[in-house]
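>>> How does the following fold in three dimensions:
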Amino acid sequence: MNNEENLNISQPDPAWDYYEIWQSLHIIKNKIDAGIKLISGEEQADDVTDQKLRQILEPASEKLVGIIEQDLMDYQKDYE
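Residues are numbered from 1 along each chain as shown. Sure thing, here's the model as predicted:
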């Protein structure tokens, strides 16, 4: 997480089990907020804006899927 993303987020204890997921979810949320900000200034959809939005959201989507499919499954395995 970079310093700009840390400015508005109070940090929990790094020893917390969900700390890394918490950080990742905040990064994803920041990307979604950036996408919302991008499209809120547009009156009509166009290919250029769609491409910019895709560039913002695809990495966030991939990260979210990774959290759901990998990170949360790892915790589940730890407690079985």
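>>> switch to C-alpha atoms for all contacts and neighbour counts from now on
Will do.
>>> which stretches of the protein form helices?
In the chain, helices defined by DSSP state H lie at 3-6, 19-40, 47-66, 72-78, listed in chain order.
>>> Quickly note the distance from the residue nearest the centre of the chain to Gln70.
For the chain, the residue sitting closest to the mean C-alpha position, by C-alpha atoms, centre = their mean, is Ile28 at 0.8 Å. In this structure, Ile28 lies at 16 Å from Gln70, with C-alpha to C-alpha, to the nearest Å as the measure.
>>> Kindly report the same for Glu43.
For Glu43, the distance to Gln70 (C-alpha to C-alpha) stands at 38 Å.
>>> which one of those two has more residues nearby?
The residue with the greater number of neighbours, taking Glu43 and Gln70 and applying other C-alpha atoms under 10 Å, is Gln70; the counts read 12 against 7.
>>> And the pLDDT at that one?
Predicted confidence (pLDDT) for Gln70: 88.
>>> To what extent is the nearest residue to the residue nearest to the centre of the chain once chain neighbours are set aside buried, counted in neighbours?
Excluding the flanking residues, the one nearest Ile28 by C-alpha to C-alpha, 6 or more residues apart in numbering is Ala60, at 5.0 Å. For Ala60, the tally of surrounding residues (other C-alpha under 10 Å) stands at 20.
>>> of all the helices of the chain, which lies closest to Pro12?
helix 19-40 (7.1 Å; C-alpha to C-alpha).
>>> Could you tell me how far that closest one lies from the centre of the chain?
4 Å (C-alpha atoms, centre = their mean, to the nearest Å).
>>> which strands and helices sit next to it?
helix 47-66 (3 or more C-alpha pairs under 8 Å, 6 or more residues apart in numbering; DSSP states H and E).
>>> Just the buried positions in the helix it packs on, please.
The neighbour-count criterion (16 or more other C-alpha atoms under 10 Å) identifies Leu53, Ile56, Leu57, Ala60, Lys63, Leu64 as the buried residues of helix 47-66.
>>> Could I get those in JSON lines, plus columns for pLDDT?
Written out in JSON lines, the entries for the buried residues of helix 47-66 read as follows (pLDDT from 0 to 100):
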{"residue": "Leu53", "pLDDT": "97"}
{"residue": "Ile56", "pLDDT": "97"}
{"residue": "Leu57", "pLDDT": "97"}
{"residue": "Ala60", "pLDDT": "96"}
{"residue": "Lys63", "pLDDT": "95"}
{"residue": "Leu64", "pLDDT": "96"}
